[in-house]
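Novice: Let's see this in three dimensions:
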Amino acid sequence: MRRIKWIVPFLCILGCCACSSKSVSSNRQPLTAEDLETIEELQTPYIGMILKSLDGEFYPLIKAGAEAEADRQGVELIVVAPDSESDADGQAELVSIMADMALDVLIISPCDESLLTDSLERASQKGKHILAVDDRLSYPACEGYIGSDDWDGAFHQGAHAATLAENSSAVILRGQMGSRNHVDRALGLRDSLIRSRIVRIYSICCNSSRSEAYHQTAALLESDTPIGVICTTNDDMAFGAQKALSESDRTVPIVSFDGTPEMLKAVEDGTIDSTMMQDAYEIGVQSVRAAVQTADGQPVGDIIVPMKLVVSRTAEQALEQLENRLRNNS
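Specialist: Numbering: from 1, shown residues only. As a prediction, this is how the structure comes out:
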């Protein structure tokens, strides 16, 4: 992918955001007139992508798909993220910084939209097109969403979980309260489980954290709370729950959401029952295509990328397809 001279030092600064978002703005150098002239001469869309995190495997898959599509289209792409999904303040700072850059489009996966109001307004005033990826933005100037239908996917996840439940109770381990996709997934699960006659539902916020899910599940197991099935709104929390179960003498089915490579392997070997698989790589591809269209003045709207439930008998094929796609685009 082509890079112009001012992006390289700035990327070195942004590269530290996985360690400390606070150091970004204090070190940023303003663009010179020569920089801006160089950008104008290239006449290619410049896209900034701000994800929730680059930990784990889900968001790096979005990044990989986005970078592959940027290479195919010959456009410039910068991908950044805060320390973790819970670092909403750090993400807001990154959005503010990129609002001041000579970028055409910002693609944002919001950690907590309530903390992005000022940053989004700044970006809009600077003439940036704004798109949402993986998690919706209600901000009026947002021109489209690229990702899954979270409620629908979770509804199907819950219907499958109900068939596995060992009694009429279920636990939902969910992500951040300020994250719309985790809200929608929790609601979809709840609606589906209720319709499937699961009468006791325990919903616990674990902030998308493997560690928090482990401790919360361990506490539930120690309390002898009846658990018929565990549903999670991301894969990391499923692994945390599975660790707690492995340290106890109880077995409870776990149905997850995301379908990362690590999770597909766990489903294949039977460690975890199943996962609702998002096509994170394709979400990244479609987000760059949408950004290019938006920069060209074409309306985008919502782009919904299909999901599928992966169980043990289909996990090997799903993993092979994903690894082949990554290998072919590396």
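
Novice: Tell me who's in contact with S248.
Specialist: A218, L221 (C-beta atoms under 8 Å, 6 or more residues apart in numbering). Using the backbone N, CA and C atoms, a C-beta is placed for each residue, glycine as well.

Novice: same thing with V199?
Specialist: S168, S169.

Novice: and it, what pLDDT?
Specialist: pLDDT, V199: 92.

Novice: now it: how far from S211?
Specialist: 30 Å (C-beta to C-beta, to the nearest Å).

Novice: How about R289?
Specialist: Counting by C-beta to C-beta - R289 and S211 are separated by 36 Å.

Novice: Which one's more surrounded, those two?
Specialist: Neighbour totals were compared for R289 and S211, and R289 leads with 18 against 13 (other C-beta atoms under 10 Å).

Novice: Touching, that one and E69? I think so.
Specialist: Yes: between R289 and E69 there is a contact at 6.2 Å, judged by C-beta atoms under 8 Å.

Novice: How is S256 assigned, secondary-structure-wise?
Specialist: When classified by DSSP: H, G, I helix; E, B strand; the rest coil, S256 comes out as strand.

Novice: Quickly list what it is bridged to.
Specialist: Listed beta-bridge partners, S256: T275 (assigned using DSSP bridges).

Novice: Check whether it really touches N234, as I assumed.
Specialist: Yes: under the criterion of C-beta under 8 Å, S256 makes contact with N234 at 7.3 Å.

Novice: so how far is stretch 238-253 off the chain centroid?
Specialist: The chain centre lies 24 Å from the centre of stretch 238-253; the measure is C-alpha atoms, centre = their mean, to the nearest Å.

Novice: Contact partners for the residue lying closest to F239 once chain neighbours are set aside?
Specialist: Nearest non-adjacent residue to F239, counting by C-beta to C-beta, 6 or more residues apart in numbering: R210, 5.3 Å away. Counting by C-beta under 8 Å, 6+ apart, R210 touches D236, M237, F239, G240, K243.

Novice: go on, L120?
Specialist: With C-beta under 8 Å, 6+ apart, L120 has these contacts: V95, I108, I130, L137, Y139, A141, C142.

Novice: Then S119?
Specialist: S119 neighbours (C-beta under 8 Å, 6+ apart): A92, E93, V95, S96, A99.

Novice: The same query, at a cut-off of 6 Å, please.
Specialist: A92, V95, S96 (C-beta atoms under 6 Å, 6 or more residues apart in numbering).
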